[in-house]
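[1] Sequence and predicted structure are below.
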Amino acid sequence: MNLCNMKVIVLVLMACLLFMGFEANAQGIGVRTGYQVAFTNNSGNRIGDGLGHFYLGAFKNNKLGIGSLLMLHTGVEYMQKGHRTDDANFRRMDYLSFPVGLRVKLGPLFAQGGLNANIKISEKYEVNGSNALNSSNETNSFDLPAHIGLGMKVLIFTIEARYHQGFMDVNNGNKNSYLQIGAAIEF
C-alpha cells in the first residue's frame, strides 16, 4: 500500500470518528439534500461549463460548550464534481464526502465553515462521445476543499447554501469548486 492510499484511509477513519463521536453533546442528526453546480478551474481559468447534479447526505451537530452558539458539524454525503461542454464532452467524478466544520448560530440563522475529505468512487471522461479516461489522465482519488455557508433553521427544517473551493491539484493543475443550495431535516 502506497503512502497516498494510507493517507486517504487515515483521513476517512478520522472523519468517521468525528461523525460518530461527541455523543454526549449531540444536538441532532439529520439528512440534507439539494442541487449542486460543480466547476473545474486550471490556473484561474474555468474548464467548460458547470456540471449540475443533486447531493444527498447525513449529518450530526454537536454542541461545543454551554448553549448552542457554537457547534461542530460533521457528516457524510454523495456528490458529483467535474465539468461539461455538451453531452459528448464532459468529465464527471462521483465522490463520498466527509465534511467537518464549525457552525455559529444566532437565532434561526447560522454561518458555517470547514473542510471536506472527498474520496472519489468513480469517474467518467468523454471526448467527442468516446471514453477518453486512461491511467495518465485519471483524477486523483482524494480532494480536500474548504467550505463556507449560510443557512436558516426553523423547527426541524433548514435551508442553506454552501460554497466549496478545492485547493489541491486533482489532475494536471485542475482544482474543483462547487456551490450547493439545499434543504435539511434535523431530528
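    Sure thing, it's come through. Residues are numbered from 1 along each chain as shown.
[2] partner residues bridging the residue lying closest to residue 161 once chain neighbours are set aside?
    For residue 161, ignoring the flanking residues on the chain, the nearest one in space by CB to CB, 6 or more residues apart in numbering is residue 181 at 4.9 Å. All C-beta atoms are positioned from the backbone trio N, CA, C, and that covers glycine. With DSSP bridges as the criterion, residue 181 is bridged to residue 35, residue 161.
[3] Make 20 the starting number, not 1.
    I'll keep to 20 as the first residue from here, and by that count the last item is residue 200.
[4] Mind pulling up the pLDDT for residue 96?
    Model confidence at residue 96, given as pLDDT, is 96.
[5] how near is residue 135 to residue 68?
    23 Å (CB to CB, to the nearest Å).
[6] Which one's more surrounded, these two?
    More neighbours surround residue 135 than the other of residue 135 and residue 68, with 23 against 14 (other CB atoms under 10 Å).
[7] ok, that one - contacts?
    Residues in contact with residue 135 (CB atoms under 8 Å, 6 or more residues apart in numbering) are 116, 117, 118, 119, 162, 163, 164, 165, 166, 183.
[8] Whichever strand or helix holds it: which residues count as buried?
    Residue 135 is part of strand 128-146, with elements assigned from DSSP states H and E. Residues of strand 128-146 classed as buried: 129, 131, 133, 134, 135, 136, 137, 138, 139, 142, 144, 145 (neighbour count, 16 or more other CB atoms under 10 Å).
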